[in-house]
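Student: Please find the sequence and the predicted model below.
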There are 2 protein chains.
Amino acid sequence: MKIAIQAIGLIHTDHKAKEEAPIQGTFHPDAMGTVEIFPEYAEGLLDIELFSHLYLLYRFDRAEPGALVRRPFLDDTPRGIFATRHPCRPNGIGITVVRLMERSGNVLKVSGIDVLDGTPLLDIKPYVPRFDCHPEASEGWFAGKERREKPSGRE
Amino acid sequence: MKIAIQAIGLIHTDHKAKEEAPIQGTFHPDAMGTVEIFPEYAEGLLDIELFSHLYLLYRFDRAEPGALVRRPFLDDTPRGIFATRHPCRPNGIGITVVRLMERSGNVLKVSGIDVLDGTPLLDIKPYVPRFDCHPEASEGWFAGKERREKPSGRE
């Protein structure tokens, strides 16, 4: 079963190349970006400004699915792709939580964004702490991992 | 730009019909389900059991994109689709956070799951509280909304 999806907008950031994109927005809360929703979908933004945080779903358009076990950016031990947030994954869909700063028509100004400039947007969902915040969750292998540069040569 | 994606597995739950599926897993923490990953992707599960909580990305396969403004299940005021978690949305991709109880090979036993039986799985990502837990986020129009039955006749 093949499913056809298409971009509903574009994400604009200062991260022009893979090498310079933050590994996670959490480590870069001040990274600003804009989310442009194509005019034909703009009506769906009604009341979006009631929310302080949003999920963005997007296409990893500069990554190809690859090995199912690989070393993530924040770790040097190979992990299963589903135990990582790595972009080179089956279906190539990314999710990130951003802070909504301002809405101007069909453009959202957001902060804490870790995606590449020009990334195709697939969906926006409100982040609702009662559904989405689980402070008791384990950190898994991310425990103790801190912001670092992407290891050189690691795709 | 059309993007082709495909299922990497299937989600099995006791929720056989739309009318009886929980509105949000948070309201039904004991709802159990299994996530079957197709054998060709099973290698990507390495170390998944290090995580207590997972994101499941899935296809709303029994919902069609529809009006961009509509009344959500938990509210009677029409909202923009991107200010809701409603299944009838462009691209029809759902996300939910579940608790991982147990792994047996390519099958994950999970709890707190709100999706329909037979739902196509698109991706699994580890839930990492440092990236994904934002207790300061506003509740938006969800504030004060409690578990309720789906309003009759509301698609």
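Tutor: Arrived safely, thanks for sending.

Student: distance of the residue nearest the centre of chain A from B:A31?
Tutor: Centrality entry for chain A: nearest residue to the mean C-alpha point is A:T96, 3.4 Å, by CA atoms, centre = their mean. A:T96 sits 27 Å away from B:A31, going by CB to CB, to the nearest Å. Heads up, the C-betas are built off the backbone N, CA and C, glycines and all.

Student: What backbone torsions are found at the nearest residue to A:T119 once chain neighbours are set aside?
Tutor: Nearest residue to A:T119 in three dimensions, chain neighbours excluded: A:I11, at 4.4 Å (CB to CB, 6 or more residues apart in numbering or on different chains). Torsion angles at A:I11 (phi, psi; degrees, to the nearest 10) stand at phi -110, psi 130.

Student: again with A:A63
Tutor: The phi/psi pair for A:A63 (degrees, to the nearest 10) reads phi -140, psi 140.

Student: Now for it: which residues touch it?
Tutor: Counting by CB atoms under 8 Å, 6 or more residues apart in numbering or on different chains, A:A63 touches A:87-89, A:92, A:155.

Student: My reading is that A:R130 lies in a strand. Confirm?
Tutor: No - under the criterion used here (DSSP: H, G, I helix; E, B strand; the rest coil), A:R130 is helix, not part of a strand.

Student: Touching, it and B:S138? I think so.
Tutor: No - counting by CB atoms under 8 Å, B:S138 is not a contact partner of A:R130; they are 11.3 Å apart.

Student: These two: which has the busier surroundings?
Tutor: Between A:R130 and B:S138, counting by other CB atoms under 10 Å in any protein chain shown, B:S138 is the more crowded of the two (17 against 14).

Student: what pairs with the residue lying closest to A:A137 once chain neighbours are set aside across the strands?
Tutor: Spatial nearest neighbour of A:A137, chain neighbours left out: B:H53 (3.9 Å); criterion: CB to CB, 6+ apart. Beta-bridge partners recorded for B:H53 (DSSP bridges): B:R99.

Student: burial count for B:H53?
Tutor: For B:H53, using other CB under 10 Å, the count is 21.

Student: Just checking the distance from the least confident helix or strand in chain A by mean pLDDT to the centre of its chain.
Tutor: Sorting the helices and strands of chain A by mean pLDDT, DSSP states H and E puts strand A:2-6 at the bottom, at a mean of 87. Remark: strand A:2-6 is offset 19 Å from the chain centroid, using CA atoms, centre = their mean, to the nearest Å.

Student: What residues sit buried inside it?
Tutor: Along strand A:2-6, these residues count as buried under the neighbour rule (16 or more other CB atoms under 10 Å in any protein chain shown): A:3, A:5.

Student: what sits up against it?
Tutor: A:122, B:1-7, B:59, B:91-93, B:120.

Student: which among the contacts of A:A63 gets closest to chain B?
Tutor: Closest approach between these and chain B, by CB to the nearest CB: A:R89, at 6.6 Å.

Student: quick one: contacts for that closest one?
Tutor: A:R89 touches A:60, A:63, A:65, A:81-82, B:44, B:123, counting by CB under 8 Å, 6+ apart.
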